[in-house]
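Colleague: let me see the structure of the following:
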Amino acid sequence: MENSAPQKILTIDIGGSHIEAGVLNENAVLISEYKRVPTPVPAIPESVVAAIGQLVAGLDYEKVSVGFPGYVRDGVVRTAPNLGTAEWQGVNLTEQLSQILQKPVKVVNDADLQGLGLVKGKGLEMAITLGTGVGTALLLNGNLLPHFEISHHPITKRKDYDQYIGEKVLEEIGTKKWNERVERVLQVLATVFNYDHLYISGGNAKKITFPLAENITIDSNKEGMKGGVRLWL
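Modeller: Model prediction:
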């Protein structure tokens, strides 16, 4: 690793239900308390940025990596399906967080950040997050490919992935029916992307009960936070 690489990287994961944060060293090892607070309701930019400021107060870090649940380009939010696109569209989250945290900040899609942390860097790898919504990331030999909001592509005539296996649906239809739907989604993803390996994380990943293929693993959000370090490499 180059000498210019940051030594203490604050990694923040903004979710539809919680905001999580921790500081990692250059080896992607957590060196601080792993902190977590509920996402403000309503989750407007001002409230979320303020919550982050309070969450990370007292932590020692040099640079910041942020995973955001929506489409982000050049640090500017384009969509935020599970927070409220109308309020977030056009928000320069990189700039706002840089001002409040007084450190350099990089913001990417939350599944992209998880993917960076989980993949082994071999071939075409895919990461999905099962939480409030469904996040997706594609990486080739450890490098992020352009982000697509795959979860908002229709999986049925009337439903996209979020509406088919998101958390709200899980609560409505129950774990058994939800698992049947998740199994179908994984079959579709395998057929469409022909990935070498698929990583599943997010709060609802642990609720999967059906057998998984050998090239599919379930991982924790904490493991995915290692992507905060790799984002700066």
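
Colleague: gap between the two ends of stretch 145-158?
Modeller: End-to-end span of stretch 145-158 (Cα to Cα, to the nearest Å): 28 Å.

Colleague: where do the strands sit along the protein?
Modeller: 9-14, 18-24, 35-38, 63-68, 71-73, 76-79, 105-109, 124-130, 134-140, 143-144, 197-201, 216-218 (DSSP state E).

Colleague: I'd like those laid out as TSV, including mean pLDDT and distance to Asn179.
Modeller: All C-beta spots, glycine's among them, are computed from the backbone N, C-alpha and C. Converted to TSV, the strands of the chain look like this (pLDDT from 0 to 100; distance: least, Cβ to Cβ, whole Å):
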stretch	mean pLDDT	distance to Asn179
strand 9-14	96	25
strand 18-24	95	23
strand 35-38	95	26
strand 63-68	97	26
strand 71-73	95	28
strand 76-79	95	28
strand 105-109	97	26
strand 124-130	97	11
strand 134-140	96	14
strand 143-144	95	29
strand 197-201	97	13
strand 216-218	97	13
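
Colleague: can you tell which of the ones you listed is closest to Pro154?
Modeller: When these are compared by Cβ to Cβ, strand 134-140 sits nearest Pro154, at 12.9 Å.

Colleague: quick one on the thing from earlier: just send the strands of the chain back as CSV, with mean neighbour count too.
Modeller: Formatted as CSV, the strands of the chain follow (neighbours: other Cβ atoms under 10 Å):
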stretch, mean neighbour count
strand 9-14, 26
strand 18-24, 22
strand 35-38, 14
strand 63-68, 26
strand 71-73, 18
strand 76-79, 18
strand 105-109, 23
strand 124-130, 25
strand 134-140, 24
strand 143-144, 14
strand 197-201, 23
strand 216-218, 15
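
Colleague: for those strands, give me a markdown table that also has distance to Ala51.
Modeller: As requested, the strands of the chain are exported to a markdown table (distance: least, Cβ to Cβ, whole Å):
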| stretch | distance to Ala51 |
| --- | --- |
| strand 9-14 | 9 |
| strand 18-24 | 6 |
| strand 35-38 | 6 |
| strand 63-68 | 13 |
| strand 71-73 | 18 |
| strand 76-79 | 16 |
| strand 105-109 | 15 |
| strand 124-130 | 20 |
| strand 134-140 | 20 |
| strand 143-144 | 27 |
| strand 197-201 | 22 |
| strand 216-218 | 28 |
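
Colleague: do you know which of these lies nearest Lys177?
Modeller: Minimum separation from Lys177 across the strands of the chain (Cβ to Cβ) falls at strand 124-130, 14.8 Å.
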